[in-house]
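K.L.:
Have a look at this fold, sequence not included:
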């Protein structure tokens, strides 16, 4: 009876150790740190926007002011329009060469690379030079948004703060992403979309230890945002169109166009990057060449220059014409591709919103609901398809408008765009650059099969063992007689209980020492604490034991008498992978329609 009670207690203790989530009390520490990171990211976003406004006003209007003024209102002549972006590009090239190359590009690939490959450690130089270079790039006319740089700068703030404490790489990643998501919230005022962007794009996991701190940082930033940026939404939109039933098919069509547009923009961008590689100049000069292209585009349409938030507002309010939107779409696409390919500093989210919104606005000329409504749908579809973050695109549009009734239309358009880009392109605009550096990034999340299977489902039940009474000489002969022997075997007592493990390396050492000829295995292994597992444990624990103890085979014993009931080797774990792959390939129909005679 006592043995049965102890066995039940042991099984209960084991069940209590398992749970749906692996979070522990350290998540409270990370939540506390996220309060600091969220506040710092809000202030950092405010500083970046003010820097952009200061540079822009000084370059284009000759005044020092922190108030944003559309660049289309500038009175500078054509020569200045061409030279100003080129000078800004040259300054960025110098900063990148003699400061940090990490400031090149739009920031999100660099943040992903730091998370996956750099242990979530960012350099202090990045936190200083990234916002400064982005302010110069955008302020001198670069067709970029501030959200990419602030995502990277906010991530750098979180990473640097985390590096001041004894944290793991996963915990540093959590604070890095918390800073990035808080930065997006500060710019757009879309906290839920920022959290979804973190989950879909940056965290590469769905765990409470990362989700809760990110939510905390975003909430703090959302609370601070009215104090820094005011109460008004960034892009006011108050339309509530009465759509017919077939509008859902129209949404699919808008999503299809956005997906094709996204695929085309991505391919053209990296084709332009390849063209810059053939230029016989150091890459430091490339942003200046990209700046010349931006200036020429500004001559064709000044509205294409700068961050373009005023252009997005015009698309959503309807204060524009079809001719203006068409010209904006062509010019903005061209200068954005060339400038970003040149390696300058700037974000991609605002340009994507402008490009998707422009296409949606033009399509809205032929669709019910009005051009402004379909401009918003095009923005969400372009964002979700290009960044491969469909839920972020949907929630982004809903938070901007406050109109939950748009959800089905937005979901249809964004889901379609996402499907098109996934099927057309193996890489997104965010991961292609990482792949070109030789690193593969997968963005598919799935359940770890090792956490679903039990040891009893995988273990070998017919186990070859060695008795404790075996002489050492016989053990030496056993291992040396056949080179195909396993590298280790369980040693058991007469009644089958585990006494220890003996490996080929052990017997070879004994043969060399020659001091154990009269001994038995019981004399050498009975006092050794062997690593073992139980049949009802999850397979992941056995894999962890093998890694931590550097073992190739682990005996499985029952909880009651410690009898050896099985064994798991590394090849058994690898077999799980083959089973999962076979399930992916196996296609069976279990209900067949029989032909009617």
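P.N.:
That came in fine, so what should we check first? Here the structure is a predicted model, which means the values were calculated and not measured.

K.L.:
what helix or strand does residue 489 sit in?
P.N.:
strand 488-492 (DSSP states H and E).

K.L.:
show me where this structure has strands.
P.N.:
Ranges of strands within the chain are 466-467, 488-492, 498-503, 553-557, 564-569, based on DSSP state E.

K.L.:
what's the last one packed up against?
P.N.:
Using 3 or more Cβ pairs under 8 Å, 6 or more residues apart in numbering; DSSP states H and E as the contact criterion, the neighbours of strand 564-569 among helices and strands are helix 455-458, strand 488-492, strand 553-557. C-beta: built from backbone N, CA, C; applies to glycine.

K.L.:
Which of the ones you listed sits closest to residue 466?
P.N.:
strand 488-492 (5.0 Å; Cβ to Cβ).

K.L.:
wait, what's in contact with residue 406?
P.N.:
376, 377, 397, 398 (Cβ atoms under 8 Å, 6 or more residues apart in numbering).

K.L.:
Could you measure from residue 300 over to residue 75?
P.N.:
Residue 300 sits at a distance of 18 Å from residue 75 (criterion: Cβ to Cβ, to the nearest Å).

K.L.:
When the two are compared, which one has more neighbours?
P.N.:
residue 300 (14 against 8; other Cβ atoms under 10 Å).

K.L.:
quick one: contacts for the more buried one?
P.N.:
Going by Cβ under 8 Å, 6+ apart, the list of residues near residue 300 reads 327, 331.

K.L.:
And for the one 3 residues further on?
P.N.:
The contact partners of residue 303, by Cβ under 8 Å, 6+ apart, come to 70, 71, 72, 311, 324, 328.

K.L.:
what's the neighbour count on the nearest residue to it once chain neighbours are set aside?
P.N.:
Leaving aside its chain neighbours, residue 303 sits nearest to residue 72 (4.9 Å; criterion: Cβ to Cβ, 6 or more residues apart in numbering). A count of nearby residues for residue 72, using other Cβ under 10 Å, gives 15.

K.L.:
ok, now residue 86?
P.N.:
By other Cβ under 10 Å, the burial measure for residue 86, its neighbour count, is 21.

K.L.:
In this structure it contacts residue 295, no?
P.N.:
Yes - the criterion here is Cβ atoms under 8 Å, and residue 86 meets it with residue 295 at 6.2 Å.

K.L.:
and which of the contacts of residue 303 is nearest residue 436?
P.N.:
Using Cβ to Cβ, those come closest to residue 436 at residue 328, 30.0 Å.

K.L.:
For residue 380, see how far away the closest one is.
P.N.:
For residue 328, the distance to residue 380 - Cβ to Cβ - is 19 Å.

K.L.:
Show me which of the two is the more surrounded one.
P.N.:
residue 380 (33 against 24).

K.L.:
Residue 396 is in contact with the more buried one, correct?
P.N.:
Yes - Residue 380 is within contact range of residue 396, at 6.3 Å (criterion: Cβ under 8 Å).

K.L.:
Run a quick neighbour tally on residue 376.
P.N.:
33.

K.L.:
Please apply the same query to residue 422.
P.N.:
Residue 422 has 15 nearby residues by other Cβ under 10 Å.

K.L.:
likewise residue 61?
P.N.:
So residue 61, with other Cβ under 10 Å, has 15 neighbours.

K.L.:
coming back round to it: just the buried ones from the contacts of residue 406?
P.N.:
For the contacts of residue 406, a burial check counting by 16 or more other Cβ atoms under 10 Å picks out 376, 377, 397, 398.

K.L.:
mind listing what the first one touches?
P.N.:
When you say that, I think you mean residue 376. 237, 316, 357, 360, 397, 400, 401, 406.

K.L.:
Could you find the lowest-pLDDT member of these?
P.N.:
Minimum pLDDT across the contacts of residue 376 is recorded for residue 237, with 73.

K.L.:
Pretty sure that one sits against residue 372.
P.N.:
Yes - Residue 237 lies in contact with residue 372 (Cβ under 8 Å); the separation is 7.2 Å.

K.L.:
list the residues that contact both of those two?
P.N.:
316, 317.

K.L.:
Ignoring the adjacent residues along the chain, who's closest to residue 270?
P.N.:
residue 432 (5.7 Å).

K.L.:
Pull up the gap between the one you found and residue 426, please.
P.N.:
Residue 432 is 9 Å from residue 426, by Cβ to Cβ.

K.L.:
Look at those two and report which has more neighbours.
P.N.:
Taking neighbours as other Cβ under 10 Å, residue 432 and residue 426 compare with residue 432 leading, 18 against 9.

K.L.:
Verify the stated contact: that one with residue 265.
P.N.:
No - contact criterion Cβ under 8 Å: residue 432 and residue 265 do not qualify, at 11.7 Å.

K.L.:
ok, now which ones touch residue 487?
P.N.:
503, 504, 505, 552, 553.

K.L.:
before we move on, what about residue 520?
P.N.:
So residue 520 contacts 468, 469, 470, 471, 472 (Cβ under 8 Å, 6+ apart).

K.L.:
can I get these in CSV with pLDDT, neighbour count and distance to residue 385?
P.N.:
Below are the contacts of residue 520 laid out as CSV (pLDDT from 0 to 100; neighbours: other Cβ atoms under 10 Å; distance: Cβ to Cβ, whole Å):
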residue, pLDDT, neighbour count, distance to residue 385
468, 86, 20, 65
469, 86, 12, 70
470, 87, 15, 66
471, 85, 15, 71
472, 82, 21, 68
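
K.L.:
packing partners for the strand holding residue 489?
P.N.:
Using 3+ Cβ pairs under 8 Å, 6+ apart, strand 488-492 sits against strand 466-467, strand 498-503, helix 521-525, strand 564-569.

K.L.:
Output these in JSON lines; the columns should cover mean pLDDT and distance to residue 387.
P.N.:
Below are the helices and strands packed on strand 488-492 laid out as JSON lines (pLDDT from 0 to 100; distance: least, Cβ to Cβ, whole Å):
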{"stretch": "strand 466-467", "mean pLDDT": "88", "distance to residue 387": "58"}
{"stretch": "strand 498-503", "mean pLDDT": "86", "distance to residue 387": "51"}
{"stretch": "helix 521-525", "mean pLDDT": "79", "distance to residue 387": "57"}
{"stretch": "strand 564-569", "mean pLDDT": "89", "distance to residue 387": "42"}
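
K.L.:
how many other residues sit next to residue 358?
P.N.:
28.

K.L.:
separation between it and residue 303?
P.N.:
Taking Cβ to Cβ, one finds residue 358 at 11 Å from residue 303.

K.L.:
Could you double-check that residue 313 sits in contact with residue 236?
P.N.:
Yes - Residue 313 lies in contact with residue 236 (Cβ under 8 Å); the separation is 7.3 Å.

K.L.:
between these two, which one's more packed in?
P.N.:
Using other Cβ under 10 Å as the criterion, residue 313 and residue 236 rank with residue 313 on top: 17 against 11.
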